[in-house]
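Visitor: When you get a sec, could you give me coordinates for this:
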Amino acid sequence: MPSMRVTEKLRSAWSDASDETWRDETRLRRLEGGVLEVGVRSAALRDELVNFHKDRLLAVLRTALPEVPLIGVRFVADPVDGDGV
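Guide: Have a look, this model is predicted:
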């Protein structure tokens with residue numbers, strides 16, 4: 001579980017990296033073993049993120065959080081309700 005400081009930096013970096021048209025359709029769920037798990041409301045958006053945005057998002061997050069060993073981003077189905085990272 002990341003510290004509160006890392007969690008806030010991660011949320012801020014995700015907000016900066018994500019597109020405003022789909023930002024509210026995603027939720028940072030957890031960071032475990034260097035893999036950030038992101039919940040996505042729809043399968044179509046999940047496919048778009050995996051196929052077209054994953055590498056860029058990971059690069060932006062790595063730049064914003066050099067002290068966190070991020071090795072990947074995993075997008076999973078999620079109703080985007082409740083708390084996450």
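Visitor: CA-only coordinates of the lowest-mean-pLDDT helix or strand in the chain in CSV, if you can.
Guide: Considering only helices and strands, the least confidently modelled element of the chain by mean pLDDT, DSSP states H and E is helix 4-17, at a mean of 92. Listed in CSV are the C-alpha atoms of helix 4-17, where the atom choice follows Å, rounded to 0.1, in the frame of the first residue of the first chain:
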residue,chain,number,x,y,z
MET,A,4,-0.5,9.0,1.5
ARG,A,5,2.1,11.3,-0.1
VAL,A,6,2.6,8.8,-3.0
THR,A,7,-1.1,8.2,-3.3
GLU,A,8,-1.8,12.0,-3.7
LYS,A,9,1.1,12.3,-6.2
LEU,A,10,-0.3,9.3,-8.1
ARG,A,11,-3.8,10.7,-8.2
SER,A,12,-2.5,14.1,-9.4
ALA,A,13,-0.3,12.5,-12.1
TRP,A,14,-3.2,10.4,-13.3
SER,A,15,-5.4,13.5,-13.5
ASP,A,16,-2.7,15.3,-15.5
ALA,A,17,-2.2,12.3,-17.8
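Visitor: Toward the C-terminus from it, list the very next helix or strand.
Guide: Sequence order places strand 26-32 as the next helix or strand after helix 4-17, per DSSP states H and E.
Visitor: Could you list the low-confidence segments of the chain?
Guide: Counting by pLDDT under 70, the ranges of the chain that qualify are 1-2, 80-85.
Visitor: could you redo the last one with a cut-off of 80?
Guide: Low-confidence segments of the chain, defined by pLDDT under 80, are located at 1-2, 79-85.
Visitor: what packs against the least confident helix or strand of the chain?
Guide: Under the contact criterion of 3 or more Cβ pairs under 8 Å, 6 or more residues apart in numbering; DSSP states H and E, the helices and strands touching helix 4-17 comprise strand 26-32, helix 54-64. Just so you know, the C-beta spots here come from the backbone N, C-alpha and C atoms, and that holds for glycine as well.
Visitor: same thing but at 6 Å, please
Guide: For helix 4-17, the contact count by 3 or more Cβ pairs under 6 Å, 6 or more residues apart in numbering; DSSP states H and E identifies helix 54-64 as packing neighbours.
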